[in-house]
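Colleague: Generate a structure from the sequence data that follows.
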Amino acid sequence: MFEIDALSLLSNIYKTHNAAMLVGGSGLYIDALCNGIDDFPTPDAELRQSLLEQLKNDGIESLRAQLKLLDPEYYNSVDLKNPQRVLKGLEVCLQTGKTYTSFLTNPNKKRPFQTIKIGLNRDRDELYNRINQRVDEMIQQGLLDEAKQLYPLKHLNALNTVGYRELFDYFDEKHSLETAIELIKRNSRRYAKRQLTWWARDNEIKWFHPEQEEEIVLFLKERLEE
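Modeller: Numbering: from 1, shown residues only. From the prediction side, this is the model:
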């Protein structure tokens, strides 16, 4: 489990260092480490099978509609094209009568360290333009060939991600390569927006533009000296 492994690693780091830096964009993992999350209920095999049958018969839209009704906050932050994540959220809601989000937002667990949270953000147009440019660079640097090598494993949930998913559909002749690239850009922008929505709820974050390097250093210095 990430939370346990990360805490163990930090314990070793603090034996020789006074501070550690965690960098990332996945809200769930960072929340797990900094705040802790409640243990999720043991999956109900019968409920899971029922949801899988619903997914097969009615499609993911049916599950999305239920999730939106039961936990709109998680609905607005989750990757709605990832059936496993939609299933997990809905499964917890139906099994416990609570929202999936409630398991992520309970009172923080006590940690043997203090956290200083810094967020990096750009103007929305600037951010989206950089995402589009980054996708073009990834294509030029061999993303298409990489996806071809992984295509035989496309059934794995770990590969049901932005970038691979759209190219797998291209290989299946569901759309053109040009369309696949545009979908990667669109879905990447949407993912970035969901990340920002997730982090906007955290009032502990001090936001900076990435180029405000001097301000960031000064802020950290002042906080570390407190």
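
Colleague: Per the annotation, how does the chain divide into domains?
Modeller: 45-105, 123-198 (automatic domain parsing).

Colleague: Dump these into CSV; add distance to Asn12 and mean neighbour count as well.
Modeller: Every C-beta, even on glycine, is put in place using the N, C-alpha and C of the backbone. CSV is the format used below for the domains of the chain (distance: least, C-beta to C-beta, whole Å; neighbours: other C-beta atoms under 10 Å):
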stretch, distance to Asn12, mean neighbour count
domain 45-105, 27, 16
domain 123-198, 28, 15
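
Colleague: Would you single out the least confident of those?
Modeller: In terms of mean pLDDT, the lowest-scoring of the domains of the chain is domain 45-105 (a mean of 90).

Colleague: for the protein, longest helix please?
Modeller: Among the segments of the chain that qualify as a helix by DSSP state H, the longest is helix 177-199.

Colleague: Number of residues surrounding the residue nearest to Leu224 when sequence neighbours are not counted?
Modeller: Spatial nearest neighbour of Leu224, chain neighbours left out: Ala19 (6.9 Å); criterion: C-beta to C-beta, 6 or more residues apart in numbering. Ala19 has 11 neighbours, counted by other C-beta atoms under 10 Å.

Colleague: can I assume Ala19 is in contact with Lys221?
Modeller: No: with contact defined as C-beta atoms under 8 Å, Ala19 does not reach Lys221; the gap is 11.6 Å.

Colleague: dump the residue contacts of Ile181.
Modeller: For Ile181, the contact set (C-beta atoms under 8 Å, 6 or more residues apart in numbering) comprises 135-136, 139, 166.

Colleague: Farthest-apart pair in these, please.
Modeller: Every pair in those was compared (C-beta to C-beta); the two farthest apart turn out to be Asp136 and Glu166, at 14.0 Å.

Colleague: now the residue nearest to Leu224, what's its secondary structure?
Modeller: coil (DSSP: H, G, I helix; E, B strand; the rest coil).

Colleague: Quick check: phi and psi at it.
Modeller: Main-chain torsions, Ala19, degrees, to the nearest 10: phi -150, psi 160.

Colleague: Next one: it from Ser50, what distance?
Modeller: For Ala19, the distance to Ser50 equals 48 Å [C-beta to C-beta, to the nearest Å].

Colleague: what residues are up against Ile30?
Modeller: By C-beta under 8 Å, 6+ apart, Ile30 lies in contact with 22, 24.
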